[in-house]
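No letters, just coordinates:
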């Protein structure tokens, strides 16, 4: 596959460690946030979402934290595996139907 | 497999030409979104349709247009192509629209020579 975003911020973690990917969003009025994972040669894949009336939501091995005070979103991946290597995007829904994606973070998992 | 189908997977053409990209949303999804992804700009929202009607517009150039048909598939038309239009073009769909995750196809890679 081909690489996307060669100049993305990069996070490198050891297999089995926990990963934390951070995102600063832009609009204080945004009320819905989503994390996507994009593997090489594929489209973004939905991981987990959270609404603005929550500050934490857990899925399978993933947790999203929302801090509205500082407009910050994070994705925590527990026991990171080689298959988690990808580019991760946060996205915010600004009300209405428009979704804004962040620049993305590339996660490398070292075996 | 997201259930969103995009064709063609690859498209190579020349400057000044016109192309049409096609998207079939997931079964039951009424909203279709188009995005452009280039190496230096990430995912840029272009336009969204809901049940045949335009609902939101992003940074879509006047040379680009889109529509959603009664069977809910969508087409993105790119005309007077320039070298800078080379990018991945993604289609996504969701059940209705606001406040729902979008499901993406695997994109069309457009190369302008």
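Here it is on my side, so go on. Please read these numbers as outputs of a predicted model, since none were measured by experiment. Numbering: from 1, shown residues only, chains lettered A, B, ... in the order given.

list the contacts for residue B:87?
Shown in contact with residue B:87 (CB atoms under 8 Å, 6 or more residues apart in numbering or on different chains): B:36, B:37, B:38, B:109, B:110. Every residue, glycine included, has its C-beta placed from N, CA and C.

if you set the cut-off to 7 Å instead, what comes out?
B:36, B:37, B:38, B:110 (CB atoms under 7 Å, 6 or more residues apart in numbering or on different chains).

The first one against residue B:44, yeah?
Yes: counting by CB atoms under 7 Å, residue B:36 touches residue B:44, with 4.7 Å between them.

For the closest residue to chain B within chain A, give me the pLDDT.
For chain A and chain B, the shortest gap (CB to the nearest CB) falls at residue A:43, measuring 3.3 Å. At residue A:43, the pLDDT value in this model is 93.

quick one on the thing from earlier: which of the contacts of residue B:87 fall within strands?
When strands are assigned by DSSP state E, the members of the contacts of residue B:87 inside them are B:36, B:37, B:38, B:110.

Let's have those residues in CSV, adding neighbour count and pLDDT.
CSV is the format used below for the ones in strands among the contacts of residue B:87 (neighbours: other CB atoms under 10 Å in any protein chain shown; pLDDT from 0 to 100):
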residue, neighbour count, pLDDT
B:36, 24, 96
B:37, 21, 94
B:38, 16, 88
B:110, 20, 97
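
Closest to residue B:67 out of the residues you listed?
Taking CB to CB as the measure, residue B:67 lies nearest residue B:36 of those, at 17.1 Å.

so who does that closest one touch?
The neighbourhood of residue B:36, defined by CB under 7 Å, 6+ apart, consists of B:44, B:46, B:87, B:89.

Could you rerun that using 10 Å?
With CB atoms under 10 Å, 6 or more residues apart in numbering or on different chains as the criterion, the residues that contact residue B:36 are B:42-46, B:58-61, B:64, B:76, B:78, B:85, B:87-90, B:107, B:110.

Also residue A:50?
For residue A:50, the contacting residues are A:32, A:33, A:34, A:35, A:56, A:57, A:63, A:64, A:65, A:66, A:73, taking CB under 10 Å, 6+ apart as the criterion.

surely the first one meets residue B:102?
I take that to be residue A:32. No: counting by CB atoms under 10 Å, residue A:32 does not reach residue B:102; the two are 11.2 Å apart.

Can you pick out the residue with more neighbours from the two?
For residue A:32 versus residue B:102, the count of surrounding residues by other CB atoms under 10 Å in any protein chain shown is larger for residue B:102: 28 against 18.

Return the distance of the more buried one relative to residue B:111.
25 Å (CB to CB, to the nearest Å).
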